[in-house]
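Student: What follows is a protein structure lacking sequence information:
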């Protein structure tokens, strides 16, 4: 079987590589490989959680795709030092949900890119503004491989797209 490149996930990957956090550019993958060598961190992965197809209209199919982004960074940096602010958590929040002093989301973080480019394909695909975007922060104790400690964020959001019903082609 030839390698399939899903157009929705590829579009989001290309969008993040072009406009997303600098530290993650070129470090985006489709599908989570689970094991990631420490020297390849930080890394981010896009994958589907589930997809719903609404064919209630006679002319179009609407796809409601729940997408998961996993961001993984190295947590060992500064691991043996007590600090008021853990650097890896701050680094992770900056990649995912960076804000300025007025608490506005910056365009350069993942959430900023998802919001700024909601209509990424001129009306054929969009990030659903009527649904919540959920972000979970946590740690991966050797989840990426032996001896690899990571700080991780899991982002869930709905991405919609539509097409003409095949009987109308």
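Tutor: Good, I have the coordinates. Not measured: the values here are computed from a predicted model. Numbers count the residues shown, from 1 in each chain.

Student: C-alpha from now on. contacts and neighbour counts both.
Tutor: OK.

Student: wait, what's in contact with residue 26?
Tutor: When the contact criterion is CA atoms under 8 Å, 6 or more residues apart in numbering, the partners of residue 26 are residue 17.

Student: from what I can see, it looks like it's in a helix, true?
Tutor: No. Read with DSSP: H, G, I helix; E, B strand; the rest coil, residue 26 is coil and lies in no helix.

Student: any idea how far the longest helix seen in the chain is from the chain center?
Tutor: Once the chain is assigned using DSSP state H, the helix that runs over the most residues is helix 7-19. Mean-position distance between helix 7-19 and its chain equals 10 Å (CA atoms, centre = their mean, to the nearest Å).

Student: again with stretch 56-68
Tutor: Per CA atoms, centre = their mean, the displacement of stretch 56-68 from the mean C-alpha position of its chain is 20 Å.

Student: Residues contacting that stretch, please?
Tutor: So stretch 56-68 is in contact with 45-55, 154-165, 168, going by CA under 8 Å, 6+ apart.

Student: Surely residue 157 touches residue 129?
Tutor: No. Using CA atoms under 8 Å, residue 157 is not in contact with residue 129; the gap is 9.5 Å.

Student: Who has more neighbours out of these two?
Tutor: In this comparison of residue 157 against residue 129, neighbours counted by other CA atoms under 10 Å, the higher total goes to residue 157 at 21 against 13.

Student: so the more buried one is in which element?
Tutor: For residue 157, the host element (DSSP states H and E) is strand 149-164.

Student: Remind me what that strand packs against, helices and strands.
Tutor: Strand 149-164 makes packing contacts with strand 60-74, helix 87-97, strand 125-127, strand 134-141 when contacts are defined by 3 or more CA pairs under 8 Å, 6 or more residues apart in numbering; DSSP states H and E.

Student: Just put the ones you listed in a markdown table and tack on distance to residue 19.
Tutor: A markdown table is the format used below for those (distance: least, CA to CA, whole Å):
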| stretch | distance to residue 19 |
| --- | --- |
| strand 60-74 | 16 |
| helix 87-97 | 12 |
| strand 125-127 | 16 |
| strand 134-141 | 20 |
